[in-house]
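> could you look at this predicted model? Sequence included:
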Amino acid sequence: MAIAPNLQASGRGVHGSAYLTAGMQSSTDPMFIDDRAYVSSMNTVNRGGIVQSRPGYRCLFRLPDGNLQGCTYFKPLNSAPQLIFAVAGVVYVSPYPFVRYSALPGVQFYHAAPRMYWAVGTKSAVTNEDGTISVVDPVRTLIMQDGGFTRAAYWDGETSRHLDPSALETPLGGPMAWSGGRLWVAYKNQLIPSDIDNPLSFSEASILAINGIFFTGEDITGLAEIPGLATPQLACFTEVSTFVFQSGIRDRTTWSTQTAPPFQSILFPEVGCVSHNSIVSQYGLLWWMTHTGLTNFNSAKQAFVSSTLSAQDVEMASSKGNISPNIIETCASYFENYMLVSVPSGDKRNRHTWVMDKTVIDDITDAGLPAWNSIWTGTNPKQWMRGPANGVMRIFHVSNDADGANRLWEAFTPDRLDNGLPITSYLETKTHIDFSPRATGLDLKQFLRAEVTFAEIHGNVSATIFWAGTRGRYKKLAEYNFVATQGQLRAGTNVTLNTNIQGYRPQTRTVRTPSINIPALIRSDCTSCGVESERADSVDVGFSLLIVWSGRAAVRSYRIFADPEQEKSEGECTPSETGDTNVVPDALCTSGFEG
């Protein structure tokens with residue numbers, strides 16, 4: 001919400017925002033976004049309308065060096081969960097509590113395969129030679145593929161080996177999905193279903209004298225069961241379109257004659273998927289990445305009607321505008337109410353993770369209005385995995401980090417530290433133009449100073465506040481260091497049963513910056529004066545703040561103070577510009593502007 005103007009007799013105005021529940025809005029001019037929104041943010045979450053440091057990352061261990069190919073979560077029946085990952089064709093298993101790992105015996109994939117594909121199914125039946133089906137004890141099974149370079153393999157917690165397609169076992173392939181009691185395997189433009197309730201056997205087609213292979217024209221890029229349906233249906237994606245298969249029809253002999261609806265049909269003729277790992281189902285809604293951006297099932301259905309696809313990630317334009325042309329490695333997941341989409345912005349690896357919160361606040365009046373929180377940095381997720389461990393839901397990812405090392409990370413650690421180190425975050429506010437009643441809209445104003453309220457401060461926090469108008473670069477106003485003593489129960493402390501443990505609460509600080517030093521601003525080279533305008537940068541129609549902090553903290557509210565600026569009423573002639581040295585510094589201005 002906007003903070004109401006508080007005018008003094010001189011006409012001085014003040015404007016700002018709090019309760020920032022609308023999240024990031026970087027696709028719209030910063031002057032015209034909602035007062036409850038902000039332009040961009042990094043390494044933050046938005047809960048209760050305050051923008052706070054994100055949860056932390058914790059490195060579980062360093063992985064072997066080489067071509068990082070992906071990871072998955074797997075829980076065998078009646079056994080502890082396992083984290084599975086692949087590097088240079090070798091598959092490794094880390095059992096709970098995830099402190100060690102070992103190579104999976106009998107399995108070796110192509111070392112240069114770009115990625116691994118995973119699917120979990122339950123083997124509870126076998127197909128006999130006469131076509132009858134016998135029930136067996138259920139075994140949860142992980143199927144692994146490297147995109148068709150090597151034969152598929154499986155692991156059930158006890159046995160691992162490659163499968164033999166010539167013996168009617170799982171064929172070579174890429175994307176896979178378990179739907180309708182069958183494993184569906186994609187290989188190029190072919191979709192091949194397994195026997196019923198047996199992901200390791202593909203013999204039904206030969207027994208029933210039915211080919212059992214479906215074709216999509218273009219190569220298949222992703223598979224997923226459509227959530228929320230009474231009868232299972234499988235979404236089969238190519239880069240340019242989406243098919244649907246009636247996977248819930250268990251009687252295979254009816255597939256070729258089924259007409260209401262057809263067993264295979266086109267679902268979205270002009271909406272495809274570029275990455276199998278980008279497909280995620282949250283709260284009954286399927287999301288995936290297209291060539292034009294992130295979309296979901298509801299939006300794609302609307303595009304089918306109107307021929308216009310409404311991308312659901314336009315608010316992330318500040319990151320999306322720098323995204324790599326090759327987004328095939330995009331990966332996504334979800335945790336609690338958050339959806340995470342890791343994209344190659346400014347890098348070939350997934351350097352940015354976009355974070356959407358489905359419940360920014362618990363107020364029922366704002367229900368159903370999710371908001372993009374920020375971009376998260378620090379790791380380069382190759383693939384996400386999530387699942388329960390000892391009764392607690394946890395989320396992990398593998399990353400080829402900036403130093404070239406492969407690591408396994410756990411996300412959403414409550415300490416809001418990355419491996420014990422403080423996280424650097426920022427918030428870029430909207431451009432405020434309404435300093436009513438004497439300086440509103442496009443009237444000129446004179447920037448003076450700012451006021452920021454920091455909340456949730458815990459431990460040592462350093463913060464810097466910058467300002468800018470609609471021209472030029474951000475210029476530093478002030479730096480601060482806060483100390484909010486932490487509780488005694490933390491890493492590196494020793495306590496006994498009779499120790500009286502103090503848990504100190506997070507703290508709040510409200511800071512007022514010095515007024516800007518206008519003579520220093522005019523003298524500095526870090527100005528747009530004389531290039532974009534003849535006026536000093538402090539005279540503009542609107543102003544914004546960039547608030548940067550390192551450590552555990554949040555921004556609850558902020559205010560900007562400005563004076564009305566006298567404007568000329570007569571017109572003037574603007575001469576044509578000449579020369580080729582009109583430049584504005586392309587960096588933050590960090591000195592020469594404090595009061």
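Everything's here; your move.

> scan the chain for its longest strand.
strand 445-468 (DSSP state E).

> so what does it touch, helix or strand wise?
strand 50-53, strand 475-484, strand 507-512, strand 539-540, strand 544-564 (3 or more CB pairs under 8 Å, 6 or more residues apart in numbering; DSSP states H and E). Heads up, the C-betas are built off the backbone N, CA and C, glycines and all.

> so what pLDDT did the nearest residue to Val541 once chain neighbours are set aside get?
Sequence neighbours aside, Leu442 is the residue nearest to Val541 in space, at 4.8 Å (criterion: CB to CB, 6 or more residues apart in numbering). Looking at Leu442, its pLDDT is 82.

> okay, now the unreliable bits of the stretch 301-450 of the chain?
Applying pLDDT under 70 to the stretch 301-450 of the chain flags residues 301-310, 360-369, 437-438.

> on that earlier part again, and what about the residue nearest to Val541, helix, strand or coil?
Following DSSP: H, G, I helix; E, B strand; the rest coil, we place Leu442 in the coil state.

> roughly how far does it sit from Ser275?
In this view, Leu442 and Ser275 are 44 Å apart by CB to CB, to the nearest Å.

> between these two, which has more neighbouring residues?
Ser275 (22 against 9; other CB atoms under 10 Å).

> just give me the neighbour total for the nearest residue to that one once chain neighbours are set aside.
Once flanking residues are discounted, Ser275 sits nearest to Thr330: 4.4 Å by CB to CB, 6+ apart. Residues near Thr330, counting by other CB under 10 Å, number 24.

> quick one, helices of the protein?
Secondary structure of the chain (DSSP state H): helices located at 204-207, 297-306, 317-320, 518-523.

> coming back round to it: can I get the helices and strands packed on strand 445-468 in JSON lines including mean neighbour count, distance to Lys430 and mean pLDDT?
Putting the helices and strands packed on strand 445-468 into JSON lines (neighbours: other CB atoms under 10 Å; distance: least, CB to CB, whole Å; pLDDT from 0 to 100) gives the following:
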{"stretch": "strand 50-53", "mean neighbour count": "23", "distance to Lys430": "13", "mean pLDDT": "96"}
{"stretch": "strand 475-484", "mean neighbour count": "18", "distance to Lys430": "17", "mean pLDDT": "94"}
{"stretch": "strand 507-512", "mean neighbour count": "14", "distance to Lys430": "20", "mean pLDDT": "96"}
{"stretch": "strand 539-540", "mean neighbour count": "22", "distance to Lys430": "14", "mean pLDDT": "90"}
{"stretch": "strand 544-564", "mean neighbour count": "23", "distance to Lys430": "6", "mean pLDDT": "96"}
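
> of all those, which one is nearest Leu286?
Leu286 lies closest to strand 50-53 among the helices and strands packed on strand 445-468, at 29.1 Å (CB to CB).

> contacts for that closest one?
20, 38, 41, 43-46, 373-374, 416, 423, 425, 427, 455-456, 549, 551-556 (CB atoms under 8 Å, 6 or more residues apart in numbering).

> swap in stretch 434-446?
2, 5, 7, 11, 13-15, 433, 535, 538-543, 562-565, 567.

> hmm, which of those residues are the buried ones?
5, 13-15, 433, 535, 538-543, 562-565 (16 or more other CB atoms under 10 Å).

> Ser94: which of those residues is nearest?
Phe543 (50.9 Å).

> what segments of the stretch 351-500 of the chain are strands?
Ranges of strands within the stretch 351-500 of the chain are 352-357, 371-376, 381-389, 392-400, 406-413, 424-428, 445-468, 475-484, based on DSSP state E, counting those that start in this stretch.

> so how far is the fifth one from its chain's centroid?
In other words, strand 406-413. Centre-to-centre, strand 406-413 and its host chain are 14 Å apart (CA atoms, centre = their mean, to the nearest Å).

> and it, what does it pack onto?
Contact analysis of strand 406-413 by 3+ CB pairs under 8 Å, 6+ apart lists strand 56-62, strand 82-87, strand 392-400 as its packing neighbours.

> Ala235: which of these is closest?
Nearest of the helices and strands packed on strand 406-413 (CB to CB): strand 392-400, 23.6 Å.

> run through who's touching the closest one.
Residues contacting strand 392-400 (CB under 8 Å, 6+ apart): 60, 63, 68, 70-71, 73, 83, 85, 331, 333, 335-336, 342, 349, 379-388, 406-412.

> try stretch 285-299
222, 224, 226-228, 235, 237, 239, 271-275, 278-281, 303, 309-314, 320, 327, 330, 332, 339, 341, 343, 354.

> hmm, 6 Å instead?
Stretch 285-299 has contacts (CB atoms under 6 Å, 6 or more residues apart in numbering) with Cys273, Val274, Ser275, Ser278, Ile279, Val280, Ser310, Ala311, Gln312, Asp313, Thr330.

> again with stretch 130-148
Taking CB under 6 Å, 6+ apart as the rule, stretch 130-148 contacts 74, 76-77, 109-110, 113, 116-117, 119-127, 152-156, 172-174, 187, 199, 207.

> can you select the buried ones from the residues you listed in ChimeraX?
Restricted to buried positions by 16+ other CB under 10 Å, the ChimeraX selection for those reads:
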select :74,76,109,113,116,117,119,120,121,122,123,124,125,126,127,152,153,154,155,156,172,173,174,187,199,207
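
> looking at the contacts of stretch 130-148, which are in strands?
74, 117, 119-127, 153-155, 187.

> and which of the buried ones among the contacts of stretch 434-446 is nearest Tyr101?
In terms of CB to CB, no member of the buried ones among the contacts of stretch 434-446 lies closer to Tyr101 than Phe543, at 52.3 Å.

> got the contact list for the closest one?
Going by CB under 6 Å, 6+ apart, Phe543 touches Phe447, Gly469, Ile560.

> repeat that with 10 Å
15, 429, 431-433, 435, 445-448, 450, 467-470, 537, 560-562 (CB atoms under 10 Å, 6 or more residues apart in numbering).

> mind checking how far it is from Tyr19?
20 Å.

> any chance of a markdown table for the helices and strands packed on strand 445-468, columns distance to Val91?
Putting the helices and strands packed on strand 445-468 into a markdown table (distance: least, CB to CB, whole Å) gives the following:
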| stretch | distance to Val91 |
| --- | --- |
| strand 50-53 | 36 |
| strand 475-484 | 45 |
| strand 507-512 | 48 |
| strand 539-540 | 58 |
| strand 544-564 | 37 |
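
> nearest to Gly180, out of those strands?
Once those are compared by CB to CB, strand 50-53 is nearest, at 43.1 Å.

> now the closest one - C-alpha only, CSV.
Extracted in CSV, the C-alpha atoms of strand 50-53 (Å, rounded to 0.1, in the frame of the first residue of the first chain):
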residue,chain,number,x,y,z
ILE,A,50,7.5,-7.6,3.9
VAL,A,51,10.4,-8.4,1.7
GLN,A,52,12.9,-10.6,3.7
SER,A,53,16.0,-12.6,3.1
